[in-house]
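# Fold the following for me, if possible:
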Amino acid sequence: MTKFIRNGLIIVAFILTLFIVGCANEPTTNGDGTFTVEFYDKYAETPLLKSITCNVGEPCNIVPPAEPDNKENTYFTRWSVWEDDFDEIQSNTRITPIYTLDNRLVTIGGRSVVFYSFFIMLGIMTSLFLGLREIKRTGVNQDDLIDGFLWIVPVSILGARLWYVVFEWDQFVYGEFFPSLLRVLGFSSGRLDFSSFGLAGLAIHGAFFVAFICVLLFTKKRKMNLWKVLDVMAVGFILAQAFGRWGNFFNQEAHGGLVGGMTNGVANLTLQEQFNFLRYSIGIPEFIVNNMYIAQGSGGYIVTPVTGFYHPTFFYESMLNLVGFAVMLVLRRVKTIRFGELLALYLVWYGGVRIFIETMRTDPLVFQFLGMTFKSAIVTSVLMILGGILLSLYIRFKLKGETYSTVSGCIELNKTKNIEEVKE
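Below is the predicted model of the structure:
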């Protein structure tokens, strides 16, 4: 070990020792039989909102200050210590406000880039990067994939927008034709004003079906292997969806119902019970639970009826999509899997996931048929599952197409059979 490394390790150990000792010896009371409770907000002009001194071992009347509103583009949810637990405090304690998350990633020149668009683009670009690696492995020209990506992605985003608009028609199409057209295209004011531009309202089913049609046309024109490209598209889609749902999280949308439900418009559980269920019973990370506190009257097109903690269906769907993505990564290394079967798996997997999620969603897209109301995502997902099953049967028994055994780096599950064939 060199002298430089040895001296560096000694310094690091010394600093860590100071930190540990400092934490261990930090006083929990004031030394005179009292302790102090501070309400502190780092976003306030005067951070110390209130200070209360109490006697150890005696009841103390800890009353929080008025709900703060010091963090821009967010709102107060609760104090870091629940008010029901104030009576248990017997040491110096700093209580801070917890706010919802700011949905803006960055603001430049008065124009904000929100996490919604950031996560959508992050998912798309990550899928492209992985797709380029996989498409090369299957023998398809990477330049063709990039060319297709450059025009299929924008058209697919337009498809996602139009799919959403069709089921929320009255929100966009009213009054004169030109303002309605502008609202459909993302100008919420109905005027050609880029300060009001934003595609707040996309439906992944529209993006998928438009992309599917575009791939059919593009591969035919370029004389590419359709099934290889569709498999890459399927894997990319499920990964992009896993990323994209986090944009819904920051916007506090596409969520499920109130935790614990309601009876006659009243929550069945207290706020603390709702929080504890998500945080401890299910084990959802605290920063996610905190942002699932949604105030009454908020929620964009769908107004939240009661203030409380709502189910993070975005999180459930994102995690299930990641599981599906992992399954696809494994299957496309199995030699007996045929090209096109990953697309079939996507249709079945995502169809099932979406049906499960839609049973909890409070803002589904709906339509009327024969006097009955249907959730469009559930109907579409059922059709996707049926289509996936039929497609798998067609590829496996009718088409009998090329398998992944032609691709380098794949694995053979039935090794015993191969050994016997070699011996013969």
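
# if I pick Arg161, what's in contact with it?
Going by C-beta atoms under 8 Å, 6 or more residues apart in numbering, Arg161 touches Val184, Leu185, Gly186, Leu199, Gly201, Leu202, Gly206. Yep, even glycine has a C-beta here, placed from its N, CA and C like the rest.

# switch the cut-off to 7 Å
Counting by C-beta atoms under 7 Å, 6 or more residues apart in numbering, Arg161 makes contact with Leu199, Gly201, Leu202.

# any idea which element it lies in?
Assigned by DSSP states H and E, Arg161 belongs to helix 142-167.

# mind listing what's buried in that helix?
Across helix 142-167, burial judged by 16 or more other C-beta atoms under 10 Å covers 144-145, 148-149, 152-153, 156-167.

# Helix or strand next in line after it, which one?
Defined by DSSP H and E, the subsequent element after helix 142-167 is helix 169-172.

# gap between the next helix-or-strand element following that next one and the chain center?
Remark: after helix 169-172, the chain's next helix or strand is helix 177-185, criterion DSSP H and E. With C-alpha atoms, centre = their mean, to the nearest Å as the basis, helix 177-185 stands 29 Å off its chain's centre.

# And for helix 177-185, what's in contact with it?
If you take C-beta under 7 Å, 6+ apart as the criterion, helix 177-185 is touched by Val165, Phe172, Val173, Tyr174, Gly190, Arg191, Leu192.

# could you give the angle of that helix to helix 142-167?
Relative orientation of helix 177-185 versus helix 142-167 (axes from the mean of the first three to the mean of the last three C-alpha atoms, to 10 degrees): 120 degrees.

# So which bits of helix 177-185 are buried?
Here helix 177-185 shows Pro179, Ser180, Leu182, Arg183, Val184 as buried, counting by 16+ other C-beta under 10 Å.

# Including distance to Ser80 and pLDDT, could those residues go into JSON lines?
Below are the buried residues of helix 177-185 laid out as JSON lines (distance: C-beta to C-beta, whole Å; pLDDT from 0 to 100):
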{"residue": "Pro179", "distance to Ser80": "46", "pLDDT": "84"}
{"residue": "Ser180", "distance to Ser80": "47", "pLDDT": "87"}
{"residue": "Leu182", "distance to Ser80": "44", "pLDDT": "83"}
{"residue": "Arg183", "distance to Ser80": "41", "pLDDT": "84"}
{"residue": "Val184", "distance to Ser80": "44", "pLDDT": "85"}
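
# how far away is Ala203 from Arg183?
According to C-beta to C-beta, to the nearest Å, Ala203 stands 16 Å off from Arg183.

# now do Tyr310
For Tyr310, the distance to Arg183 - C-beta to C-beta - is 28 Å.

# and if you look at Val382?
31 Å.

# Which one of the buried residues of helix 177-185 is nearest to Glu45?
Each of these was scored against Glu45 by C-beta to C-beta, and Arg183 proved nearest at 39.4 Å.

# Roughly how far does the closest one sit from Phe197?
11 Å.

# same check, this time on Phe119
Separation of Phe119 from Phe197 (C-beta to C-beta) stands at 19 Å.

# again with Phe167
From Phe167 to Phe197 the distance is 21 Å (C-beta to C-beta).

# What helix or strand is Trp36 located in?
Just to correct that, residue 36 is Thr rather than Trp. strand 34-40.

# Mind giving me the packing neighbours of the helix or strand just after that strand?
For strand 34-40, the following helix or strand on the C-terminal side (DSSP H and E) is strand 48-55. Secondary-structure packing of strand 48-55 (3 or more C-beta pairs under 7 Å, 6 or more residues apart in numbering; DSSP states H and E): strand 34-40.

# What residue spans form the domains of the chain?
Here the domain assignment for the chain is 26-99, 111-256+312-415, based on automatic domain parsing.

# By mean pLDDT, show me the worst of these.
In terms of average pLDDT, domain 111-256+312-415 trails the rest of the domains of the chain, at a mean of 89.

# Show me where the stretch 201-350 of the chain has its helices.
204-222, 226-251, 271-276, 286-291, 313-331, 341-358 (DSSP state H, counting those that start in this stretch).

# Now a ChimeraX select for only the buried ones of the contacts of helix 177-185.
The ChimeraX selection below is limited to those of those classed as buried (16+ other C-beta under 10 Å):
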select :165,172,190
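
# ok, so of the contacts of helix 177-185, who is nearest Phe397?
Of the contacts of helix 177-185, the one sitting nearest to Phe397 (C-beta to C-beta) turns out to be Val165, at 39.7 Å.

# so how far is the helix holding Arg161 off the chain centroid?
20 Å.

# Now do it and helix 204-222, the angle between them.
140 degrees.

# still on that earlier bit, turn the contacts of helix 177-185 into a markdown table, including distance to Arg94.
Below are the contacts of helix 177-185 laid out as a markdown table (distance: C-beta to C-beta, whole Å):
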| residue | distance to Arg94 |
| --- | --- |
| Val165 | 48 |
| Phe172 | 48 |
| Val173 | 52 |
| Tyr174 | 51 |
| Gly190 | 48 |
| Arg191 | 48 |
| Leu192 | 50 |
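
# Tell me the one of the contacts of helix 177-185 nearest Ser405?
Val165 (44.6 Å).
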